[in-house]
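Asker: Build the 3D model from these lines:
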Amino acid sequence: MKVINTHRYKAFFLITVALFYLACSNSGQNKDTLVPDEDNAGLILPRGFRAFVVAGNLGRGRHIDINKNGDIYMALRQLNNGHGIVALRDTTNDGRADLIRYFGDYPGTGIEISDGYLYFGADTMILRYPLTDGELVPEGKPELLVRGFPEQSQHRDKSFAIDNDRNIYVNVGAPSNACMEHTSTTGSPGMYPCPQLERQAGIWRFPEKYRNGAFICFRGSWNRAPLEQEGYFVAFVPFDRGLPSGDWEIFADKFAGKEIIKSPSEAEHRPMGIVMANDGSLYVCDSQEGKIWRIFYVGEEHKNL
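Answerer: Presented below is the predicted three-dimensional model:
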């Protein structure tokens, strides 16, 4: 594996659990001006929360981030319109995206805005694009930060996190669900020590009810047949002093659109990426068709909830 460092950046390669730490904000847009979709766009939410679709049919979404001006950037698992990143802007102040642009030459998973750059995780490299105030789409070619990740058919997606010291922590998944002599073969013995651990697999996670905790996307299982598949919801885990402090709960449900799922292909949507905006709204994106939901709090006393 080859690592390319800028004068400020270092890279560390570890696997990630599907957990995103979020802290609520009390500042930002007046949510009384937002009009939710009927029936919260099909989602089941806690009392006092409403939702609407920001945009749909964007492509197979992975992770998502929001710039300080409200612009949304979503990574795509497959190229759409020849590009791997979609940028969205609301120019009418109704919360829905009416300006949508595609850019980037690679599909990928990880995406994050930091220090004026848009960082993007393709399958075998980490790139960054300089962002310009007022411009939705970055200009010019991206800068290559890290390259040389193993090429593999399973778990190749590169999510990542950037800490306060500008270290980049990259998810390098194992190339199989189990370290076996013959992958996914019944009766094949496991390997110990596992040679995959030299370059792949490991664990990291981000260290307050909805003001201090973690929202987690359960994208949905695929390998429980003949049993029903499980997941397809967003869960919340309360935290205290950086650690889980109580039972988890389902926060947003019914993404799949039906009660019984035998195969992932039957699900209408699969929640994949999650991020919180400066005003405290939670954005969730879907990996089936590329829909984005915005979930916001209006108060339990609000009518018609």
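
Asker: Going by C-alpha atoms from here, please, whenever you check contacts or count neighbours.
Answerer: OK.

Asker: and residue 101, how many neighbours?
Answerer: Residue 101: 16 surrounding residues under other CA atoms under 10 Å.

Asker: And the helices in the stretch 101-250 of the chain?
Answerer: For the stretch 101-250 of the chain, helices defined by DSSP state H, counting those that start in this stretch do not occur.

Asker: for it, what are the low-confidence residue spans?
Answerer: 198-209 (pLDDT under 70).

Asker: please redo it, this time with the cut-off set to 80
Answerer: The stretch 101-250 of the chain contains residues with pLDDT under 80 at 148-157, 171-180, 183-186, 191-211, 223.

Asker: Can you list the residue ranges for strands in it?
Answerer: All strands of the stretch 101-250 of the chain, identified by DSSP state E, counting those that start in this stretch, fall at 108-114, 117-122, 125-130, 143-147, 160-162, 167-171, 213-218, 233-240, 243-244, 249-252.

Asker: Let me see the contact set for residue 182.
Answerer: Counting by CA atoms under 8 Å, 6 or more residues apart in numbering, residue 182 touches 188, 189.

Asker: roughly how far is stretch 45-63 from the heart of the chain?
Answerer: 12 Å (CA atoms, centre = their mean, to the nearest Å).

Asker: please begin residue numbering at 54 from this point
Answerer: Got it, the first residue is 54 from now on, which makes the last one we talked about stretch 98-116.

Asker: May I see the buried residues of it?
Answerer: 98, 102-108, 111-116 (16 or more other CA atoms under 10 Å).

Asker: same check, this time on stretch 114-125
Answerer: Applying 16+ other CA under 10 Å to stretch 114-125 flags 114, 115, 116, 117, 118, 119, 120, 124, 125 as buried.

Asker: And stretch 276-287, by the same measure?
Answerer: For stretch 276-287, by 16+ other CA under 10 Å, it's 282, 283, 284, 285, 286, 287.

Asker: Would it be right to say that residue 93 lies in a helix?
Answerer: Yes: under DSSP: H, G, I helix; E, B strand; the rest coil, residue 93 sits within a helix.

Asker: measure the closest residue to it other than its chain neighbours to residue 249 for me?
Answerer: Excluding the flanking residues, the one nearest residue 93 by CA to CA, 6 or more residues apart in numbering is residue 104, at 4.7 Å. Per CA to CA, to the nearest Å, residue 104 is found 42 Å from residue 249.

Asker: cool, and residue 328?
Answerer: Distance from residue 328 to residue 249, by CA to CA: 31 Å.

Asker: Then residue 346?
Answerer: In terms of CA to CA, residue 346 sits 37 Å off from residue 249.

Asker: how about residue 318, phi and psi?
Answerer: When quoted as degrees, to the nearest 10, the phi and psi of residue 318 stand at phi -70, psi -20.

Asker: okay, it: pLDDT?
Answerer: Among the per-residue scores, residue 318 holds a pLDDT of 84.

Asker: what sits against it?
Answerer: For residue 318, counting by CA under 8 Å, 6+ apart, there are no contacting residues.

Asker: hang on, the earlier thing: among residue 328 and residue 249, which residue is more densely surrounded?
Answerer: residue 328 (21 against 15).

Asker: Give me the three-state assignment for the more buried one.
Answerer: strand.

Asker: partner residues bridging it?
Answerer: With DSSP bridges applied, residue 328 shows beta-bridge pairing to residue 336.

Asker: in terms of contact, does it touch residue 115 like I think?
Answerer: No: using CA atoms under 8 Å as the test, residue 328 is too far from residue 115 to be in contact (11.6 Å).
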